[in-house]
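J.: from the sequence below, what's the structure:
(chains A and B)
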Protein chains: 2
Amino acid sequence: MHFVVEASCGRARAGRLITPHGEILTPTFMPVGTQAAVKAVTSDQVAGTGARVVLANAFHCMLRPGADVVARAGGLHAFMRWPRAILTDSGGFQVFSLADLRRITDDGVWFKSPIDGSRHFLGPKESMAIQNQLGADFIMAFDECVRLPSTPEQVRRAVDRTTRWAEACKAAHVRDDQALFGIVQGGTDPHERSRSAEALVAMDFPGYAIGGLSVGESRAEMDRTLEFTVPLLPEAKPRYLMGVGTPEDLLSAIGFGIDMFDCVNPTRMARHGTVWTRGGRIHVTNARFREDPSPIDATCDCATCQRYDLRYLHHLARAGEYLSHTLLSIHNIRFLVRVAEEARRDILAGTFAGLRPASQLAGPPALGEPRDTQAAAVARGTIART
Amino acid sequence: MHFVVEASCGRARAGRLITPHGEILTPTFMPVGTQAAVKAVTSDQVAGTGARVVLANAFHCMLRPGADVVARAGGLHAFMRWPRAILTDSGGFQVFSLADLRRITDDGVWFKSPIDGSRHFLGPKESMAIQNQLGADFIMAFDECVRLPSTPEQVRRAVDRTTRWAEACKAAHVRDDQALFGIVQGGTDPHERSRSAEALVAMDFPGYAIGGLSVGESRAEMDRTLEFTVPLLPEAKPRYLMGVGTPEDLLSAIGFGIDMFDCVNPTRMARHGTVWTRGGRIHVTNARFREDPSPIDATCDCATCQRYDLRYLHHLARAGEYLSHTLLSIHNIRFLVRVAEEARRDILAGTFAGLRPASQLAGPPALGEPRDTQAAAVARGTIART
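T.: Sure thing, here's the model as predicted:
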């Protein structure tokens, strides 16, 4: 993997990531295919959104179909029929949030499979072996992510453990065609973030992720944390904010110097009939769209907006048709991919303004929320970011 | 609508149907989009299967989104974004099979909506008004379909009612860009089928459907009924066997002179992980496909077989991914469309053999079931045909 920062605008930057599966222009949004499939969307349809990287989860893939099965199929790219880049999460976040009856040791975590109750162990060595088998272009260190709020002691212990496990990951990782990213933890505590970042930067990872955000803290806390954490990371390495998020989150975080994002929001919201527009989030099931002949967003170039209107999408969502999941997911993924693309264009042009506070909004409405409610929504953190 | 029989082979025939939305080569299989959407498949993906006609149900569309809503959207073609031909069922079958608390009068049926319990009335006049609003190329007379077995008296009464209602439909139908088909009822009774066909043929419909099959009778009874019913219909008009079916059903019925078919089987089976292959029906969730690198069917030209292998489809179906519904539906629809296409090719070449009994099978395995179990499967009527 090779990374170049091409331009900056304030702290925001535009870059270029070269991987064995193509070039990625940053900032970039990566849709999530937890179980080696973006929910309800074919790989061709995902490619049509302009997404250059898809995420898959080591935790889910190890349980089903099994990392060995994927490896024998030629790795995730061949298995999923996705020719572009892939990033796998280490399983750290999932094992702490999804698995039952866990026991944590210095070497990892014992847990019960949520699929069949079978017992498994996952630690840095196991995660690296699995991610090496899955064969993604970007792989993540096995970390401990605490929910917020947590006690300072919990945060400190998670940072120590994440640091030790990052070392173990680095030692265990064997494939030089995969870029292993370290994950900075530390909650919203500047001291802990700084301890975590320093230790990881000393290990010289090819890229760094910021974990432990979008886990229950307020939007202001996330911004504050990014503000002091991003400068702790090397300029020349890509920076990935995990599990984020919304159009507002992306714009704000790009303004702090983040290059990569992933989130289940686009597909999860779609399954609930919710989509983003330039004028704000809307629920297509709302009665006011029953006979609306407009596309979701007249300025959107996604395959759904190019072809389907709100009245049909309203009907599909109300009728519980699977097709609704597909068409709304395509729109939402494209929407976030485009937020990143337009931020990049503005950074290259030197005009990137980030997420402007509602009080300063003068031009066209900002993305994602109607102008007058944007600040309120930001304060509320309306959309779950995990 | 214009219909030409181009060639015959025994009683099987190859034809050409000209509609305001394109030409249809017959025999043809029409996938079902009950609620104005083929489940889990976009209109582009449906078009990619080679399907030339899609079915929608007046019963479902009147309840949601409402025929008036569809009419104001420009009709079903515009609403669904499906540029090819559409056929709507009259609602007769559905009102008798899906609705609760009905009361039947000479003019139609009172029923409760399965969606919200609201009260509705549907009869020949209402069905015509609705189907005129929906704007399909083919529309169906409002009929009464009895489940089999039924008493002779029930069958007789349903034939009488269907005949009266067909007259009422003909009188109420106002759009000459829509071809109204009469539906022959009469269960498995030659006398009743004959009464029904004679009365309808006297009304000179542009096409005829055979209803009331695939509703619980054995495969042998269906064949016997087709054998004496099809010759009662005019040679020069298209013949449509409703709610059928499977590869075997198609081949058999084409051999009796049927031109058009529809069935929910391809999409419903797909949602249960079941697909057709030249070697027989298979369940992709079966453990033996866990690491199978082959497509569903190596001889299949569908978008799924061109790109995905069984091990991935096995994983998707086991993991409950929506994408499995999409990919398996595309395959199953293409499979039936192709059965019809190949039958047509063989009819034109004068080599169409229909569904051969297992004892006569000499060449490559017949479609749909492994050679040695084909006769057994046919006798069993393994796959629900409604």
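J.: now the host helix or strand of A:Ala340: mean pLDDT?
T.: Using DSSP states H and E, A:Ala340 sits within helix A:322-349. The average of the pLDDT scores along helix A:322-349 is 98.
J.: that helix vs helix B:322-349, what angle?
T.: Helix A:322-349 and helix B:322-349 meet at an angle of 110 degrees, taking axes from the mean of the first three to the mean of the last three CA atoms, to 10 degrees as the criterion.
J.: which parts of helix A:322-349 are buried?
T.: Neighbour-count burial for helix A:322-349 flags A:322-341, A:343-344, A:346-348 (criterion: 16 or more other CB atoms under 10 Å in any protein chain shown). Every C-beta, even on glycine, is put in place using the N, C-alpha and C of the backbone.
J.: do the same with stretch A:47-62
T.: A:49-62.
J.: between these, which sits nearest chain B?
T.: Chain B lies nearest to A:His60 out of these, by CB to the nearest CB, at 8.1 Å.
J.: let me know whether the closest one touches A:Gln94 as I believe.
T.: Yes - A:His60 is within contact range of A:Gln94, at 7.1 Å (criterion: CB atoms under 8 Å).
J.: burial of A:Gly320, as a residue count?
T.: Look at A:Gly320: counted by other CB atoms under 10 Å in any protein chain shown, it has 10 neighbours.
J.: just checking, it is part of a strand?
T.: No - under DSSP: H, G, I helix; E, B strand; the rest coil, A:Gly320 falls outside any strand and is assigned coil.
J.: what about it, distance to A:Arg219?
T.: For A:Gly320, the distance to A:Arg219 equals 33 Å [CB to CB, to the nearest Å].
J.: is the closest residue to chain B within the stretch 101-250 of chain A in a helix, a strand, or coil?
T.: Among all residues of the stretch 101-250 of chain A, A:Ile115 sits closest to chain B, at 8.8 Å; criterion: CB to the nearest CB. Per three-state DSSP, the secondary structure class of A:Ile115 is coil.
J.: so which residues on the stretch 1-150 of chain A come close to chain B?
T.: A:35-42, A:64-65, A:69, A:72-73, A:79-81 (CB under 8 Å from any CB of the partner chain).
J.: circling back: tell me, how many residues neighbour the closest residue in space to the residue of the stretch 101-250 of chain A closest to chain B that isn't next to it in sequence?
T.: Excluding the flanking residues, the one nearest A:Ile115 by CB to CB, 6 or more residues apart in numbering or on different chains is A:Leu63, at 5.4 Å. Counted with other CB under 10 Å, residues neighbouring A:Leu63 total 23.
J.: who touches A:Leu63 in this structure?
T.: Residues in contact with A:Leu63, defined by CB atoms under 8 Å, 6 or more residues apart in numbering or on different chains, are A:113-115, A:120.
J.: which of those has the most neighbours?
T.: Using other CB under 10 Å as the neighbour criterion, A:His120 leads the contacts of A:Leu63 with 18 neighbours.
J.: relative to A:Arg278, how far out is that one?
T.: Distance from A:His120 to A:Arg278, by CB to CB: 45 Å.
J.: before we move on, what SS does the residue nearest the centre of chain A have?
T.: Note on chain A: the residue nearest the mean C-alpha position is A:Asp262, at 1.3 Å, using CA atoms, centre = their mean. At A:Asp262 the chain is in strand, as set by three-state DSSP.
J.: isn't A:Ala129 up against A:Ala172?
T.: Yes - taking CB under 8 Å as the definition, A:Ala129 is a contact partner of A:Ala172 at 7.1 Å.
J.: now do the contacts for the closest residue to chain B within the stretch 51-200 of chain A.
T.: Across the stretch 51-200 of chain A, the shortest distance to chain B (CB to the nearest CB) belongs to A:Pro65, at 4.3 Å. Contacts here follow CB under 8 Å, 6+ apart; on that basis A:Pro65 touches A:36, B:290, B:311, B:314-315, B:318-319.
J.: how deep is A:Thr105 tucked in, by neighbour count?
T.: Number of residues near A:Thr105 (other CB under 10 Å) recorded here: 9.
J.: ok, what's across the strand from it?
T.: Under DSSP bridges, the beta-bridge partners of A:Thr105 are A:Gly108.
J.: check what pLDDT it gets.
T.: Here the pLDDT value assigned to A:Thr105 is 91.
J.: once you drop chain neighbours, what's closest to A:Glu167?
T.: Once flanking residues are discounted, A:Glu167 sits nearest to A:Met203: 6.5 Å by CB to CB, 6+ apart.
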